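[1] Can you look at this prediction? I've put the sequence above it.
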Amino acid sequence: MSKTYLLFGDEKQGPFSEEEVRAMVSAGKISRQTLHWAEGMPEWKPLGSRADQQSGPVTIAPPRRPKDTSLVVDFKDTLRNRKDLSARSKPITAGKAIALVILFFIVLTGMIEIFGRLLPDAAAQFTESVKKISAAK
């Protein structure tokens, strides 16, 4: 009984028995478009093309992934790049923190001004609340 290897993005997994592959297909974990390879196959092919059991050169290790992987989405590479970005980020400095606080109060003042024109009573109450909080500090 031949063992089958499956290709998920750049990752080769296996070997799996024919029964394991059938169970994964019926469970919906893989589809007929999932690329597979078994000993004696010259290249990776979709599971749906079962005519791939042709005689060919017998190799011991699975061949490299196919050149045309335009339909394969590599989520692990995307996550790896995201981790690289977070590793390069620097902690915020005191100057940047102060600038952000000032920017926050500028935006807050603009919002108070806008709401003051739209809702005069609510804006007055909000302004008093902000003044009380500022005075408490």
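    Great, that's in hand.
[2] Domain-wise, how is the protein divided?
    If you go by automatic domain parsing, the domain ranges for the chain are 4-63, 94-136.
[3] so where's the chain shaky on pLDDT?
    1, 50-89, 120, 123, 137 (pLDDT under 70).
[4] 90 instead?
    For the chain, applying pLDDT under 90 flags the ranges 1-97, 109-130, 132-137.
[5] Can you show me the strands along it?
    Here the chain has its strands, by DSSP state E, at 4-8, 11-16, 35-38, 45-46.
[6] Does residue 21 touch residue 5 like I think?
    No. Using Cβ atoms under 8 Å, residue 21 is not in contact with residue 5, being 10.1 Å away. (C-beta placed from N, C-alpha, C; glycine too.)
[7] intersection of neighbour lists for those two?
    Jointly contacting residue 21 and residue 5 under the rule Cβ atoms under 8 Å, 6 or more residues apart in numbering are residue 36.
[8] where does residue 32 fall, phi/psi-wise?
    In this entry, residue 32 is assigned phi and psi values of phi -70, psi -10 (degrees, to the nearest 10).
[9] Quick check: closest non-adjacent residue to it.
    For residue 32, ignoring the flanking residues on the chain, the nearest one in space by Cβ to Cβ, 6 or more residues apart in numbering is residue 48 at 3.3 Å.
[10] Tell me the bridge partners for residue 38.
    residue 4 (DSSP bridges).
[11] List the contacts of it.
    Taking Cβ under 8 Å, 6+ apart, we find residue 38 in contact with 2, 3, 4, 5, 53.
[12] Generate a ChimeraX selection restricted to the buried entries among the residues you listed.
    Buried residues within these, by 16 or more other Cβ atoms under 10 Å, are selected in ChimeraX with:
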select :4,5
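[13] tell me which of the contacts of residue 38 is nearest to residue 98?
    residue 5 (57.0 Å; Cβ to Cβ).
[14] OK, contacts around the nearest residue to that closest one once chain neighbours are set aside?
    The shortest distance from residue 5 to any non-neighbouring residue, by Cβ to Cβ, 6+ apart, is to residue 14 (3.6 Å). Counting by Cβ under 8 Å, 6+ apart, residue 14 touches 3, 4, 5, 6, 62.
[15] Turn those into CSV, columns for distance to residue 127.
    Below are the contacts of residue 14 laid out as CSV (distance: Cβ to Cβ, whole Å):
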residue, distance to residue 127
3, 74
4, 71
5, 68
6, 64
62, 70
